[in-house]
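Enquirer: Sequence plus predicted model, see below.
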Amino acid sequence: MRYDNFRKRCADLLSADAKRPVRPEAVHPIVQAYVGDAVFSLAVRLMLVTREPDRVSVLHDVGARFVSARCQAKAYEALAPYLTEEEAAVAKRGRNAKSSVPKSASVSEYRYSTAFESLLGWLYLSGREERLFELIEAAMNVIRAELVKEQEES
């Protein structure tokens, strides 16, 4: 994309009249994952701040572990049996969406974490906050147990 085209798109997004209704089913799964990543990251940060309000380095370290592809993949695998058909279909589209895999995760971990984030993004964009919070809380419990287990093993 040329720089002037990029600048125009940024200006359009930041303009006061940029608000338009979002149809979640029309949003690309990777964009849903982008939103889901932000939602989950914020939920994790808010949860951690209530437990450790004074130590940013601890917040960052534990927060990074919570939102890692590996932990999100574990959470998704634990929650998958409890998803509705519609939720499972959304997650599957997210899992199968084309994207590049970072070196910090295996292909499988990254695909399942993308499925998880895509589902959260779709729930958020759909306005299904009760279900969104339910899945976030369950995911945090799975991840917390996984991190405690790792801590005990090391």
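Expert: It's in. Predicted model only: the values in this text are computed from it and were never measured.
Enquirer: pull the longest helix from this structure.
Expert: helix 129-153 (DSSP state H).
Enquirer: what's stretch 35-53 in contact with?
Expert: 27, 58-59, 62-63, 66-67, 72, 116-125, 132, 136, 139-140 (CB atoms under 8 Å, 6 or more residues apart in numbering). Where C-beta positions appear, they are placed from N, C-alpha and C, glycine not excepted.
Enquirer: Apply 6 Å and report the result again.
Expert: Val58, Leu59, Val62, Gly63, Phe66, Val67, Glu117, Ser118, Leu120, Gly121, Tyr124, Ile136 (CB atoms under 6 Å, 6 or more residues apart in numbering).
Enquirer: Can you say which of those are buried?
Expert: Buried members of the contacts of stretch 35-53, counted by 16 or more other CB atoms under 10 Å: Leu59, Val62, Gly63, Phe66, Val67, Glu117, Ser118, Leu120, Gly121, Tyr124, Ile136.
Enquirer: so which of the residues you listed comes closest to Lys98?
Expert: Within the buried ones among the contacts of stretch 35-53, proximity to Lys98 (CB to CB) peaks at Ser118, which comes in at 12.7 Å.
Enquirer: Kindly provide the distance from the closest one to Phe66.
Expert: Distance from Ser118 to Phe66, counting by CB to CB, to the nearest Å: 18 Å.
Enquirer: got the buried residues for stretch 22-37?
Expert: Neighbour count says stretch 22-37 has Pro24, Val27, Pro29, Ile30, Val31, Gln32, Ala33, Val35, Gly36, Asp37 buried, by 16+ other CB under 10 Å.
Enquirer: quick check, distance from it to the centre of its chain.
Expert: 11 Å (CA atoms, centre = their mean, to the nearest Å).
Enquirer: That one: end-to-end distance?
Expert: 18 Å (CA to CA, to the nearest Å).
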